[in-house]
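In: quick one, what's the 3D model for this:
(one chain, ligands or ions: 2)
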Amino acid sequence: MAPPPAAAAMEYQESAPSNTFTINDGSGAASGAFHMSKVTVVGSGNWGSVAAKLIASNTLKLTSFHDEVRMWVFEEALPSGEKLTDVINRTNENVKYLPGIKLGKNVVADPDLDNAVRDANMLVFVTPHQFMEGICKRLVGKIKEGVEAISLIKGMEVKMEGPCMISSLISSQLRVNCCVLMGANIANEIAVEKFSEATVGYKGNREIAEKWVQLFSTPYFMVTPVQDVEGVELCGTLKNVVALAAGFVDGLEMGNNTKAAIMRIGLREMRAFSKLLFSSVKDSTFFESCGVADVITTCLGGRNRKVAEAFAKNGGKRSFDELEAEMLQGQKLQGVSTAREVYEVLSHRGWLELFPLFSTVHEICIGRLPPSAIVEYSEHKPNFALVEGSAQYY
Ligand SMILES: NC(=O)c1ccc[n+]([C@@H]2O[C@H](COP(=O)([O-])OP(=O)(O)OC[C@H]3O[C@@H](n4cnc5c(N)ncnc54)[C@H](O)[C@@H]3O)[C@@H](O)[C@H]2O)c1
Ligand SMILES: O=P(O)(O)OC[C@H](O)CO
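Out: Ligands and ions are numbered 1, 2, ... in the order given. Model prediction:
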């Protein structure tokens with residue numbers, strides 16, 4: 001176990017003495033403390049840090065949560081030689097992934113995953129999706145009974161048995177209920193408190209969803225619960241593939257009409273794919289922040305769009321890995337691996353021709369097609385009536 005540096009912990013206690021107990025039930029005993037939830041954020045990248053900031057501002061105000069928010073950091077050394085965790089705890093800033101933003105003094109960075117989750121009743125998962133399988137394996141048997149989880153992760157895994165959403169991976173490996181939070185949420189904009197909306201997807205228990213809404217909502221971050229966990233998560237996952245397509249269009253300087261067309265076709269494929277996988281997915285979900293709004297923001301200002309633009313400008317000659325490392329300094333793209341995962345599902349199920357945008361994006365990413373193939377859509381227009389005319393979407 002590696003606790004946070006003593007200095008940071010002390011500074012925190014001095015500035016937030018209410019940390020120990022904030023509930024007084026009138027009986028003189030602080031019995032309400034037993035109902036207070038402790039929150040840990042698993043992940044500390046760009047969005048992970050902003051999530052910790054949002055949550056930390058609320059745990060200080062809401063009596064049903066412990067003030068302290070623990071944030072698990074995948075430890076790394078900075079160019080100065082200092083450990084990232086030490087710097088976060090000393091400066092209250094994630095200088096690598098969210099420079100210039102104070103997280104709140106009640107955020108305690110912790111490089112020890114087991115220690116970070118040990119006392120938590122509420123776990124917020126927010127790492128790039130490719131690391132979640134390993135993280136879940138490490139967490140088996142390490143978390144408390146009755147923990148509630150939420151995933152802010154946009155991505156999925158493809159197994160032999162078929163696609164597995166990250167919230168399902170978390171639920172099945174850790175035996176916890178897992179909601180999701182997705183939306184039009186470019187982290188850097190929320191970090192400076194510009195107004196945004198988000199969607200919490202949940203399965204059955206509305207009360208739990210309301211608790212997550214309470215934990216995340218601020219006057220500049222408006223969160224709406226929707227009873228469609230698969231639909232919400234698939235929106236967040238699939239929009240990253242559409243963002244790559246939009247980036248290719250930008251790199252080719254095709255203009256706004258083409259980009260709007262790509263966004264519309266992409267949204268349509270998102271809906272068809274989601275409904276083919278889960279017949280329970282609701283059309284209305286695509287009109288929430290997690291749907292059309294996220295497609296718009298990510299195609300205008302996201303990292304997937306930005307790197308895909310550079311890829312197309314270079315005629316596909318520089319790989320995504322190389323461009324990601326050069327342009328994002330440690331931040332990770334989700335779209336390229338998601339395009340591959342979606343392609344695997346499509347080819348396995350014989351659906352490739354129904355999803356020309358999704359399949360073309362993957363083929364461009366791996367160099368099988370040139371970036372310009374993204375606008376040859378009309379030649380491959382699928383018969384969507386085949387998909388959408390069927391009541392079951394099967
Ligand atoms: N950044 C955004 O604007 C944004 C907004 C909404 C959702 N999301 C989603 O949130 C998720 C997390 O993204 P982010 O922006 O917080 O991260 P990021 O891309 O900014 O940072 C990458 C993170 O991965 C960590 N990491 C590197 N190697 C690792 C390993 N082997 N194991 C575990 N962690 C490792 C790094 O320490 C860093 O914290 C993604 O699914 C993303 O799609 C991001
Ligand atoms: O920067 P991106 O492309 O990972 O997208 C960020 C968010 O998901 C936008 O909602």
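In: only C-alpha atoms from now on, for both contacts and neighbour counts.
Out: Fine.
In: how about stretch 84-96 and ligand 1, any contact?
Out: No: if you take Cα under 6 Å from any ligand atom as the test, stretch 84-96 misses ligand 1, and the best it gets is 8.8 Å.
In: mind checking how far that stretch is from the chain centre?
Out: Mean-position distance between stretch 84-96 and its chain equals 22 Å (Cα atoms, centre = their mean, to the nearest Å).
In: send over it as CSV, restricted to the C-alpha atoms.
Out: Only the C-alpha atoms of stretch 84-96 are listed here, as CSV (Å, rounded to 0.1, in the frame of the first residue of the first chain):
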residue,chain,number,x,y,z
LEU,A,84,2.6,12.0,-11.2
THR,A,85,0.8,11.0,-8.0
ASP,A,86,3.1,13.1,-5.8
VAL,A,87,2.7,16.1,-8.0
ILE,A,88,-1.1,15.8,-8.1
ASN,A,89,-1.2,15.6,-4.3
ARG,A,90,1.2,18.5,-3.9
THR,A,91,-0.3,20.9,-6.4
ASN,A,92,-3.9,19.6,-6.6
GLU,A,93,-3.5,19.5,-10.4
ASN,A,94,-3.1,16.7,-12.8
VAL,A,95,-0.3,18.4,-14.6
LYS,A,96,0.0,15.8,-17.3
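In: avg pLDDT for that stretch?
Out: Averaged across stretch 84-96, pLDDT comes to 98.
In: please enumerate residues in contact with it?
Out: Residues outside stretch 84-96 that contact it (Cα atoms under 8 Å, 6 or more residues apart in numbering) are 4-5, 7-8, 44, 49, 73, 75-78, 99-105, 107-111.
In: surely residue 126 is in contact with residue 46?
Out: No: contact criterion Cα atoms under 8 Å: residue 126 and residue 46 do not qualify, at 9.6 Å.
In: between those two, which has more neighbouring residues?
Out: Set side by side, residue 126 and residue 46 give different neighbour counts by other Cα atoms under 10 Å, the larger being at residue 126 (25 against 22).
In: what strands flank the longest strand anywhere in the chain, and is each parallel or antiparallel?
Out: Longest strand in the chain by number of residues (criterion: DSSP state E): strand 65-72. With DSSP bridges as the test, strand 65-72 is paired with strand 37-42 (parallel), strand 107-110 (parallel).
In: can you name the next helix or strand after the first one?
Out: For strand 37-42, the succeeding helix or strand toward the C-terminus, using DSSP states H and E, is helix 46-59.
In: hmm, that next one touching ligand 1?
Out: Yes: applying Cα under 6 Å from any ligand atom, one finds that helix 46-59 is in contact with ligand 1 at 46-48.
In: check stretch 63-82 too.
Out: Yes: Stretch 63-82 lies within reach of ligand 1 by Cα under 6 Å from any ligand atom, at residue 74.
In: what's next to that stretch, contact-wise?
Out: 18-23, 35-44, 52, 55-56, 59-60, 83-85, 106-113, 116.
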